[in-house]
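Visitor: All I have is the shape, not the residue letters:
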Ligand code: SAM
Ligand code: SF4
């Protein structure tokens with residue numbers, strides 16, 4: 001592929017990583033993402049069909065996208081998701097298909113997902129106590145998430161990652177138990193700083209439990225953490241190993257240590273808007289192109305326009321920061 005066909009922005013960042021939101025719906029209601037009640041979901045007709053998602057991904061793959069992650073909302077509430085996974089897996093150039101899930105429905109689907117070609121799983125788990133789960137998600141279901149994690153391990157998913165959003169005043173007591181759990185069960189654990197993408201607009205920086213504070217807590221309990229060599233420079237996490245060699249802990253610190261300089265990600269929302277950043281306030285409408293009879297070349301131009309408009313960083317820490325109108329569940333994390 002010639003460089004002019006690649007999705008390179010004005011800072012030379014090459015975009016090969018596509019996050020596809022397959023739905024804005026979810027079966028739980030995490031306060032850092034969704035409203036608790038009366039959620040205004042997009043009508044079904046506005047959501048991209050599988051055919052549209054596959055077409056868009058094929059065009060993106062022709063521009064060098066080789067990694068895809070399915071997300072949402074909760075991807076597993078979308079019917080027949082495995083069919084989409086197998087269609088995406090068949091696209092020439094796509095070498096990695098991953099999914100981020102809350103895990104509640106995972107045990108029911110994990111065998112079919114693996115057979116369809118899903119390679120990797122990130123499972124969200126902010127704590128190990130049902131009380132914490134309910135406080136955050138405003139629903140029940142921790143036991144089902146744990147069941148999903150173990151089912152995925154049993155059927156052979158490797159390098160399963162746990163994503164834990166850290167929130168001051170809520171999850172401090174979960175840090176050490178999560179670390180122990182991950183070590184015991186050979187799971188990678190990543191702590192993510194709470195970002196201003198909650199639907200209820202209650203985020204404030206006091207609630208951000210920083211990666212460095214979490215690291216201190218873990219080191220007090222388990223001894224020094226050793227920085228792992230960075231094999232993929234675009235990955236958002238900084239990974240560490242425990243001194244005794246048991247386990248990997250990563251920190252995704254978008255608020256206290258932004259990693260925008262190496263970002264290689266682009267996103268498409270469930271209703272087909274392309275975004276060059278989680279915090280972008282502009283969007284490019286791929287659904288409009290596809291539903292009005294537009295060509296693949298028009299999709300290429302749209303993708304290139306979107307990437308060329310990418311800003312150097314999200315600017316959360318800047319006084320001029322403008323929150324996007326969409327909350328996390330409407331973008332796709
Ligand atoms: N429903 C799936 C899940 O929860 O794993 C996938 C979508 S969710 C939006 C993707 C990831 O974003 C999850 O790991 C979730 O914890 C994280 N997330 C959601 N809102 C966040 C926020 N305001 N700050 C940081 N991470 C957030
Ligand atoms: Fe649902 Fe994931 Fe948002 Fe929680 S973070 S409400 S599980 S989409």
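Guide: Perfect, thanks for sending it. As the structure is a prediction and not an experimental result, all values here were calculated from the model. Ligands and ions are numbered 1, 2, ... in the order given.

Visitor: what's the closest non-adjacent residue to the residue of the chain found nearest ligand 1?
Guide: Distance from ligand 1 to each residue of the chain (Cβ to the nearest ligand atom) is smallest for residue 333, at 2.7 Å. From N, CA and C alone the C-beta is placed, and that goes for glycine too. Counting by Cβ to Cβ, 6 or more residues apart in numbering, residue 333 lies nearest to residue 71, which is 5.7 Å off, once chain neighbours are set aside.

Visitor: remind me which residues of the protein are low pLDDT?
Guide: 1-3 (pLDDT under 70).

Visitor: Distance-wise, check the most far-flung residue of it relative to its centre relative to ligand 2.
Guide: Distance from the centre of the chain peaks at residue 293, with 30.6 Å (Cα atoms, centre = their mean). In this view, residue 293 and ligand 2 are 33 Å apart by Cβ to the nearest ligand atom, to the nearest Å.

Visitor: Am I right that that residue falls within a strand?
Guide: No - in this structure, residue 293 is coil, not part of a strand, as judged by DSSP: H, G, I helix; E, B strand; the rest coil.

Visitor: Phi first, then psi, for it.
Guide: When read as degrees, to the nearest 10, the backbone of residue 293 gives phi 80, psi 20.

Visitor: Can you tell me how far it is from residue 299?
Guide: In this view, residue 293 and residue 299 are 12 Å apart by Cβ to Cβ, to the nearest Å.

Visitor: Just give me the neighbour total for the residue nearest to residue 333.
Guide: Using other Cβ atoms under 10 Å, residue 71 has 23 neighbouring residues.

Visitor: next one: the one 4 residues further on
Guide: Taking other Cβ under 10 Å as the criterion, the count of residues near residue 75 is 27.

Visitor: Give the closest residue to it in space, chain neighbours not counted.
Guide: Nearest to residue 75 is residue 22, by Cβ to Cβ, 6+ apart, at 5.0 Å.

Visitor: That neighbour contacts residue 68, correct?
Guide: No - using Cβ atoms under 8 Å, residue 22 makes no contact with residue 68, being 11.0 Å away.

Visitor: secondary structure element for the one residue in the stretch 151-300 of the chain that gets nearest to ligand 2?
Guide: Closest approach between the stretch 151-300 of the chain and ligand 2, counting by Cβ to the nearest ligand atom: residue 165, at 7.8 Å. Using DSSP states H and E, residue 165 sits in strand 161-166.
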